[in-house]
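# Let me see the structure of the following:
(chains A and B)
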Amino acid sequence: MEPLQTGSDERKFIVSILLEFKGEQIRSFCRHRIESGRDPFEIFRELQGGLEEIGAGYEDTANRRFFNSDLIVSGRNMKRAIELLKPFLPARSGNSGTVLMGTVAGDVHDIGKTIFSVTLESEGFKVIDLGTDVPNGTFVGAVREHRPDILAMSSLLTTTRPAMGEVIQDLIIAGLRDRVRVIVGGHAVTEQFAASIGADAYGSDCIDGLRKCRQFMIETR
Amino acid sequence: MNIFFLYSGPFGEQIINTISVSRLFTVTGAYELRPETVFGDAPAIGRDDPDYFEDPQKFIPEDLPNSCADLLIVLGIHERLSELVPAIAKLLGVRSVLYPIDDRDMTPGARKTIQDELLMAGIAIEFPEPFCSLSGSPDPLIDEFAKVFGRPCLEIEINPHTRSIVSVVIRRDTPCGSASCIGKKLAGADSRDEARLSKFCYDEQHNDEAEHFCLAEMDPRYPLMQEAGDLLKDAVFSACGKQTTKDFILSIVHEEGRIAVDYLASRVLTGSSSGQELGCVTRRAFDLYLGEMIRDGYITRDSEDNLMITEN
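The predicted structure follows:
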């Protein structure tokens, strides 16, 4: 594999390997980076940058550069990267806390959530992943059943993000809100939105989310 | 038949790969046509360039291979570049063009103009939407292609004692290759468990862990991916001798005698692909099936949009 250049060339290269539908290039890229001693989280961050570039090119309706199929294939390649990099993440024993997570109802996107899950697990958190397109009632029922320290909800679409606020309201009605800290994230979510629905925190990326989850646990103990 | 591909992105690559490895046709070339190869890195993609509208031929990339082909297949190119298609088709000397639309964002802006310009040059064009709804054509070249790629068609052998699926032969594969990919996994499945069989078809059709899977648009307002799932599930049910959506439609119309189209749709549309063995998920598939049943003379539609079984 050719050595990477910096700046926009590197970004273009990352985008091109994310869009290769057979997934050979992403595997080769991850192996090469790991063999060069690169931190797996740093590799995630590089790939995340490529995903964001594709997402921005898709959302720019006046000058659309990427399409639905590009989103699907890049998401699939990101999953391949996660599978490949997961064994190289530093495993920490102990119980840092329990995080219940899921993508809200109507939304089937799970790349960001999966990366966040892997990040938390590597830091000793126990993760209960409810998957994607999770109905509001399932979140509430799972909080009651598993008694997690933290509930993490993700949403990629602006059309589905209101469900996060609904879940928080349902937790209040069920008398469970005080038992759990709520963090929200995903492409459709902003700091302001998180505050407006009464979430305890907003995670801008997996590292920011991890930092806030650690802080929750310090405050709890 | 010789085929040339004009494509962009993974959607095009996946389909070219499926068609190439089948060795059913000769692929004489494939060219990735991207906005930057035509306009450089200009962000507006030629929108404000009057020359582009006046004479798109000037914008044909110089490195486009001068290959001879019978059929040009256009896959996922930027909609602004669609105006180059007639000029490229003429340059390649093709007799037919297939321009599938699996994503509204890839829909050519000037479809009618492209069609008229090609027809004037004696070149046939079709825009199947989605690609896997193609089942035939009045044009002989497109029809030849549609005999082996397009709307899925399978032959399934079932063990008469255990009712499990013994073997699957793909008579017509989906252009993305999902039908043959699913066909390989069907061996051993219990053909009696219709709910499970149905769920398997829908899940596998867009299973991004599979070797080939659907890359069509999945927006609930324009559910091409879900329509593709309906077509695949019905192809499997038909091959297993199970009641298809068409059979279900016919049984309801027969039972009701006379039924309004929208009411029929409300009974046929399942709204979910989870374990629903009767009916289909999308209105698009329902309309396609109903249109075919009216065309083939099974059902008659009156002036008030009511449906009834055609007499005789």
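
# now check stretch B:213-220, is it near chain A?
Yes: applying CB under 8 Å from any CB of the partner chain, one finds stretch B:213-220 touching chain A at B:215-219. (Each C-beta comes from the backbone N, C-alpha and C, glycine too.)

# Go through those and give me the one with the most neighbours.
When neighbours are taken as other CB atoms under 10 Å in any protein chain shown, the top entry among these is residue B:215 (34 neighbours).

# which intervals of chain B have sub-threshold pLDDT?
Applying pLDDT under 70 to chain B flags the ranges B:41-53, B:271-276.

# got the domain boundaries for it?
Here the domain parsing of chain B from automatic domain parsing is B:2-146, B:153-309.

# Can you give the distance of the longest one from its chain's centre?
Spelled out, that is domain B:153-309. Taking CA atoms, centre = their mean, to the nearest Å, one finds domain B:153-309 lying 14 Å from the centre of the chain it belongs to.

# Ok, the first one next?
Taking CA atoms, centre = their mean, one finds domain B:2-146 lying 16 Å from the centre of the chain it belongs to.

# Start and end of that domain, how far apart?
In domain B:2-146, first residue to last residue: 14 Å (CA to CA, to the nearest Å).

# Ok, stretch B:270-279 next?
Start-to-end span of stretch B:270-279 (CA to CA) is 6 Å.

# Over to stretch B:68-76?
End to end - CA to CA - stretch B:68-76 spans 21 Å.

# same check, this time on stretch A:174-185
Start-to-end span of stretch A:174-185 (CA to CA) is 23 Å.

# Okay, buried residues for it please.
Residues of stretch A:174-185 classed as buried: A:176-177, A:180-185 (neighbour count, 16 or more other CB atoms under 10 Å in any protein chain shown).

# Wondering if the biggest helix by length in chain B reaches chain A at all.
Secondary structure of chain B per DSSP state H: the longest helix is helix B:224-239. No: contact of helix B:224-239 with chain A (CB under 8 Å from any CB) is absent, the minimum separation being 8.5 Å.

# on contacts alone, who are the packing partners of that helix?
Using 3 or more CB pairs under 8 Å, 6 or more residues apart in numbering or on different chains; DSSP states H and E, the elements in contact with helix B:224-239 are strand B:153-158, helix B:178-186, helix B:194-205, helix B:245-256, helix B:283-295.

# will you turn those into CSV that also has distance to chain A and mean neighbour count?
Below are the helices and strands packed on helix B:224-239 laid out as CSV (distance: least, CB to the nearest CB, whole Å; neighbours: other CB atoms under 10 Å in any protein chain shown):
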stretch, distance to chain A, mean neighbour count
strand B:153-158, 24, 18
helix B:178-186, 13, 22
helix B:194-205, 12, 19
helix B:245-256, 24, 17
helix B:283-295, 16, 17
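
# Determine which of the ones you listed approaches residue B:124 most closely.
helix B:283-295 (20.4 Å; CB to CB).

# ok, of the residues of stretch B:213-220 next to chain A, which one's closest to chain A?
Closest to chain A out of the residues of stretch B:213-220 next to chain A is residue B:215 (3.9 Å), distances taken as CB to the nearest CB.

# can you give me phi and psi for that closest one?
The phi/psi pair for residue B:215 (degrees, to the nearest 10) reads phi -110, psi 20.

# List the residues that contact it.
Shown in contact with residue B:215 (CB atoms under 8 Å, 6 or more residues apart in numbering or on different chains): A:68-69, A:72-73, B:10-11, B:14, B:102, B:176.

# Likewise for residue A:110?
Listed by CB under 8 Å, 6+ apart, the contact set of residue A:110 reads A:103, A:131-132, A:154.

# Over to residue B:12?
Neighbours of residue B:12 in contact, by CB under 8 Å, 6+ apart: B:5, B:30, B:32, B:75-77.

# and which of the residues you listed is nearest chain A?
Distances from chain A to the contacts of residue B:12, taken by CB to the nearest CB, are shortest for residue B:76, at 6.6 Å.

# Quick check: phi and psi on the closest one?
phi 70, psi 20.

# so it sits right up against residue B:16, yeah?
No: assessed by CB atoms under 8 Å, residue B:76 is found out of contact with residue B:16, at 10.4 Å.

# Need the overlap of contacts for the two.
Residues touching both residue B:76 and residue B:16 by CB under 8 Å, 6+ apart: residue B:7.

# what does the least confident helix or strand in chain A by mean pLDDT contact?
In chain A, no helix or strand scores lower on mean pLDDT, DSSP states H and E than helix A:111-122, which sits at a mean of 82. The contact list for helix A:111-122, computed with CB under 8 Å, 6+ apart, reads A:41, A:44, A:48, A:51, A:75, A:78-79, A:82, A:86, A:89-92, A:96, A:99, A:101-103, A:127, A:129, A:132, A:152, A:154, A:156, A:185-187, A:203, A:206-207, A:209-210, A:213.

# Which residues belonging to that helix are considered buried?
Neighbour-count burial for helix A:111-122, counted by 16+ other CB under 10 Å, picks out A:111-122.

# Please save the CA atoms from it in PDB.
What follows is helix A:111-122, C-alpha atoms only, in PDB (Å, rounded to 0.1, in the frame of the first residue of the first chain):
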ATOM      1  CA  ILE A 111     -22.100   2.800  12.700                       C
ATOM      2  CA  GLY A 112     -21.600   5.600  15.200                       C
ATOM      3  CA  LYS A 113     -23.300   3.600  17.900                       C
ATOM      4  CA  THR A 114     -21.200   0.500  17.200                       C
ATOM      5  CA  ILE A 115     -17.900   2.500  17.400                       C
ATOM      6  CA  PHE A 116     -19.100   4.100  20.700                       C
ATOM      7  CA  SER A 117     -20.000   0.600  22.000                       C
ATOM      8  CA  VAL A 118     -16.500  -0.700  21.200                       C
ATOM      9  CA  THR A 119     -14.900   2.300  22.800                       C
ATOM     10  CA  LEU A 120     -16.800   1.900  26.000                       C
ATOM     11  CA  GLU A 121     -16.100  -1.800  26.200                       C
ATOM     12  CA  SER A 122     -12.400  -1.200  25.800                       C
END
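
# what does chain A have sitting close to chain B?
So far as CB under 8 Å from any CB goes, chain A lies against chain B at A:19-22, A:63-70, A:72-73, A:75-76, A:79.

# Just the ones of these in helices?
Residues of these located in helices (DSSP H): A:68-70, A:72-73, A:75-76, A:79.

# With just CA atoms, put the one helix or strand residue B:12 maps to into CSV.
If you go by DSSP states H and E, residue B:12 is part of helix B:9-22. What follows is helix B:9-22, C-alpha atoms only, in CSV (Å, rounded to 0.1, in the frame of the first residue of the first chain):
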residue,chain,number,x,y,z
GLY,B,9,-19.4,4.7,-7.4
PRO,B,10,-20.0,1.4,-5.7
PHE,B,11,-23.6,1.0,-7.0
GLY,B,12,-22.1,0.8,-10.6
GLU,B,13,-19.2,-1.3,-9.5
GLN,B,14,-21.3,-4.0,-7.9
ILE,B,15,-23.6,-4.4,-10.9
ILE,B,16,-20.7,-4.4,-13.3
ASN,B,17,-19.1,-7.1,-11.2
THR,B,18,-22.2,-9.3,-11.2
ILE,B,19,-22.7,-9.0,-14.9
SER,B,20,-19.0,-9.5,-15.8
VAL,B,21,-18.5,-12.6,-13.7
SER,B,22,-21.7,-14.2,-15.1
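
# Would you map out the domains in chain A?
Taken from automatic domain parsing, chain A resolves into A:7-88, A:97-220.

# The last one: end-to-end distance?
Across domain A:97-220, the straight-line distance between its terminal residues is 10 Å, by CA to CA.

# what about residue A:198, how many neighbours?
14.

# quick one: it and chain B, what's the gap?
According to CB to the nearest CB, to the nearest Å, residue A:198 stands 28 Å off from chain B.

# With residue A:82 instead?
Using CB to the nearest CB, residue A:82 is found at 12 Å from chain B.

# if I pick that residue, what's in contact with it?
Under the criterion of CB under 8 Å, 6+ apart, the neighbours of residue A:82 are A:44, A:114-115, A:118.

# Appreciated, that's everything.
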